[in-house]
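Trainee: I would like to see how this sequence folds:
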Amino acid sequence: MLTHTFAICAYKESPYLEACIRSLKRQSVETRIILCTSTPGPFLEKMATRYNLPLYVRDGASDIRDDWNFAYDKAETKLVTIAHQDDCYHKEYVRTLQRCWERYPDTTVFMTDCRIVKNHQIQRRNMVWLVKRLLRLPLRFYRLSDVSWVKKAALIFGNPVICPSCTYHKGRLGTPLFRSPFKFALDWDTLWRLAGEPGRFLCVERPLMYYRIHDGATTKACIENRQRTEDEAAMYAKIWPEPVVGLLMHFYQKAYKAYDSGNGG
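Mentor: The predicted structure is shown next:
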């Protein structure tokens with residue numbers, strides 16, 4: 001049986017952290033859970049004590065790449081999911097990934113579909129969800145999903161992968177996992193690099209996690225300060241010639257409204 005860790009990246013006093021922890025505690029098979037933070041305080045100490053979780057504190061200012069790498073490093077198992085404190089996971093998440101890895105042991109990245117939660121309600125599936133699902137289609141051909149061009153085919157028009165749904169094989173990928181200079185497109189850039197390396201990307205199109213969108217989310221902040229626009233334009237420039245970049249950005253930016261937590265999806 002492969003061992004697995006949920007490494008939760010926790011910040012300050014999230015009102016959603018406890019729900020996240022509870023969803024991980026309810027997994028149908030045994031797994032490990034750790035809390036990792038660059039913003040220590042009484043709240044996180046209380047959560048760690050209440051749920052009997054190790055709490056690891058990174059020195060230095062909060063930084064998404066450094067915080068994710070820190071959480072990844074602190075996991076002592078082969079399989080690592082970097083869980084975001086605002087999200088929740090289906091009780092069959094770990095069982096599903098373990099079954100997949102047992103069937104395809106060369107898998108380096110496992111990913112799933114998700115359901116969107118806004119204003120405390122699960123949202124109806126909209127056009128953005130459909131487009132992401134279509135872009136992930138190459139990764140559903142499991143016998144080919146170890147081929148670099150197949151993996152990259154899922155990433156050339158944008159990033160359809162739900163970042164917190166990913167589990168990484170630390171034994172194969174090594175450290176540091178995240179090396180990109182980007183803030184918002186950190187995960188897209190990382191997947192693009194990993195797509196060119198040996199290993200299989202395995203996508204299960206079941207909503208095995210619940211992705212929360214709200215005003216305090218990093219995604220929304222990146223949209224408001226144009227970090228998302230800059231990062232995604234730079235990613236497209238890695239893949240496409242300049243005239244195509246402008247066209248792709250025009251259509252891709254229309255998806256931003258899905259991250260407006262004031263709308264109903």
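Trainee: Secondary structure element holding Ser145?
Mentor: In this structure, Ser145 is located outside every helix and strand according to DSSP states H and E.
Trainee: do the same with the one 10 residues further on
Mentor: Under the assignment given by DSSP H and E, Leu155 is not contained in any helix or strand.
Trainee: dump the residue contacts of the residue nearest to it when sequence neighbours are not counted.
Mentor: Leaving aside its sequence neighbours, Leu155 sits nearest to Trp192 (Cβ to Cβ, 6 or more residues apart in numbering; 5.6 Å). C-beta here means a position set from N, CA and C on the backbone, and glycine is covered the same way. Applying Cβ atoms under 8 Å, 6 or more residues apart in numbering to Trp192 gives the contacts 152, 155, 235, 238-239.
Trainee: State the distance from Trp192 to Arg228.
Mentor: Going from Trp192 to Arg228 by Cβ to Cβ, to the nearest Å gives 16 Å.
Trainee: Arg26 too?
Mentor: Going from Arg26 to Arg228 by Cβ to Cβ gives 33 Å.
Trainee: Looking at these two now, which is surrounded by more residues?
Mentor: Just comparing Arg26 and Arg228: by other Cβ atoms under 10 Å the higher neighbour count belongs to Arg228, 23 against 11.
Trainee: would that one count as being in a helix?
Mentor: Yes. Per DSSP: H, G, I helix; E, B strand; the rest coil, Arg228 lies within a helix segment.
Trainee: Is Thr96 in contact with Thr112, as I believe?
Mentor: Yes. At 7.4 Å, Thr96 counts as touching Thr112 under the criterion of Cβ atoms under 8 Å.
Trainee: neighbour-wise, which of those two wins?
Mentor: Per other Cβ under 10 Å, whichever of Thr96 and Thr112 has more neighbours is Thr112, with 25 against 18.
Trainee: pretty sure the more buried one is in a strand, no?
Mentor: Yes. Using three-state DSSP, the secondary structure at Thr112 is a strand.
Trainee: What separation is there between it and Arg206?
Mentor: Relative to Arg206, and taking Cβ to Cβ, Thr112 is found at 6 Å.
Trainee: okay, and the common contacts of those two?
Mentor: Thr96.
Trainee: do you know how far Glu76 is from Ile34?
Mentor: For Glu76 relative to Ile34 (Cβ to Cβ), the value is 9 Å.
Trainee: what do these two both touch?
Mentor: Common contacts of Glu76 and Ile34, defined by Cβ under 8 Å, 6+ apart, comprise Thr5.
Trainee: about what we covered before: and the two most separated of the contacts of Trp192?
Mentor: Lys152 and Met235 (12.2 Å; Cβ to Cβ).
Trainee: So between these two, which is more surrounded?
Mentor: Each of Lys152 and Met235 has its neighbours counted (other Cβ under 10 Å); Met235 has more, 22 against 16.
Trainee: element containing that one?
Mentor: Element membership of Met235 [criterion: DSSP H and E] is helix 227-239.
Trainee: what element comes up after that helix heading to the C-terminus?
Mentor: Next helix or strand after helix 227-239 toward the C-terminus (DSSP H and E): helix 242-252.
Trainee: Show me what that next one is packed against.
Mentor: helix 227-239 (3 or more Cβ pairs under 8 Å, 6 or more residues apart in numbering; DSSP states H and E).
Trainee: For Thr37, give its distance to Asp67.
Mentor: On the measure of Cβ to Cβ, Thr37 and Asp67 end up 8 Å apart.
Trainee: Could you tell me which residues touch both of the two?
Mentor: Listed contacts common to Thr37 and Asp67 are 9, 58; contacts here mean Cβ under 8 Å, 6+ apart.
Trainee: Check whether Leu202 really touches Arg99, as I assumed.
Mentor: No. Contact criterion Cβ under 8 Å: Leu202 and Arg99 do not qualify, at 10.7 Å.
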